[in-house]
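**Student:** need a structure here:
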Amino acid sequence: MKKLPRIYKNQMSSPKNNNKKYCYLESNKEIAKNITIENKVINKEVVDEKIENTLQSIFKKTGYPYNIRVYIKTKDKEYDTYLVARTKRKITTLDNEVIYLDEIEELKKISN
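**Tutor:** This next block holds a predicted model:
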């Protein structure tokens with residue numbers, strides 16, 4: 001094999017953690033506000049995961065989903081109905097009402 005010339009490597013003379021010097025934080029109230037917003041987002045994700053798991057158990061179960069009675073609580077209204085269809089963003093009830101998944105706060109199966 002042919003011997004190749006060496007590659008130039010520059011020496012690092014500046015500190016590697018220099019970004020720590022330039023970190024400016026806002027007031028403590030603003031930080032606390034951001035933390036509470038993050039906590040609300042996390043709590044909403046947990047609720048969404050529970051709703052998603054309940055919907056999967058209803059629609060993937062053997063039989064028909066419109067035989068399973070459900071209680072749905074949204075921001076505006078409460079439903080005691082049966083589910084017919086589901087898309088990524090909304091569900092349709094047997095009463096022919098469309099409910100968006102973002103609006104659902106609580107979803108429970110009701111035993112007949």
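**Student:** next structured bit after the helix or strand of the chain with the lowest mean pLDDT?
**Tutor:** Every helix and strand in the chain was compared by mean pLDDT, DSSP states H and E; the lowest is helix 28-59, with a mean of 68. Sequence-wise, the next helix or strand downstream of helix 28-59 (DSSP states H and E) is strand 69-74.
**Student:** Tell me the strands beside that following strand, with direction?
**Tutor:** The strands that strand 69-74 pairs with in its sheet are strand 78-86 (antiparallel), strand 104-110 (antiparallel) (by DSSP bridges).
**Student:** mind giving me a markdown table with these and columns for mean neighbour count, distance to residue 64 and mean pLDDT?
**Tutor:** In short, each C-beta sits where N, CA and C put it, glycine included. Below are the strands paired with strand 69-74 laid out as a markdown table (neighbours: other C-beta atoms under 10 Å; distance: least, C-beta to C-beta, whole Å; pLDDT from 0 to 100):
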| stretch | mean neighbour count | distance to residue 64 | mean pLDDT |
| --- | --- | --- | --- |
| strand 78-86 | 15 | 9 | 88 |
| strand 104-110 | 15 | 14 | 86 |
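**Student:** Including distance to residue 1, could the ones you listed go into JSON lines?
**Tutor:** As requested, the strands paired with strand 69-74 are arranged in JSON lines below (distance: least, C-beta to C-beta, whole Å):
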{"stretch": "strand 78-86", "distance to residue 1": "63"}
{"stretch": "strand 104-110", "distance to residue 1": "67"}
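**Student:** nearest to residue 61, of those strands?
**Tutor:** Evaluated with C-beta to C-beta, those place strand 104-110 nearest to residue 61, the distance being 10.0 Å.
**Student:** and that closest one, C-alpha only, in PDB?
**Tutor:** What follows is strand 104-110, C-alpha atoms only, in PDB (Å, rounded to 0.1, in the frame of the first residue of the first chain):
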ATOM      1  CA  ILE A 104     -62.400  13.500  25.700                       C
ATOM      2  CA  GLU A 105     -61.500  13.900  29.400                       C
ATOM      3  CA  GLU A 106     -62.800  10.500  30.600                       C
ATOM      4  CA  LEU A 107     -63.800   7.200  29.000                       C
ATOM      5  CA  LYS A 108     -65.200   4.200  30.800                       C
ATOM      6  CA  LYS A 109     -66.800   0.900  29.800                       C
ATOM      7  CA  ILE A 110     -70.200   0.400  31.500                       C
END
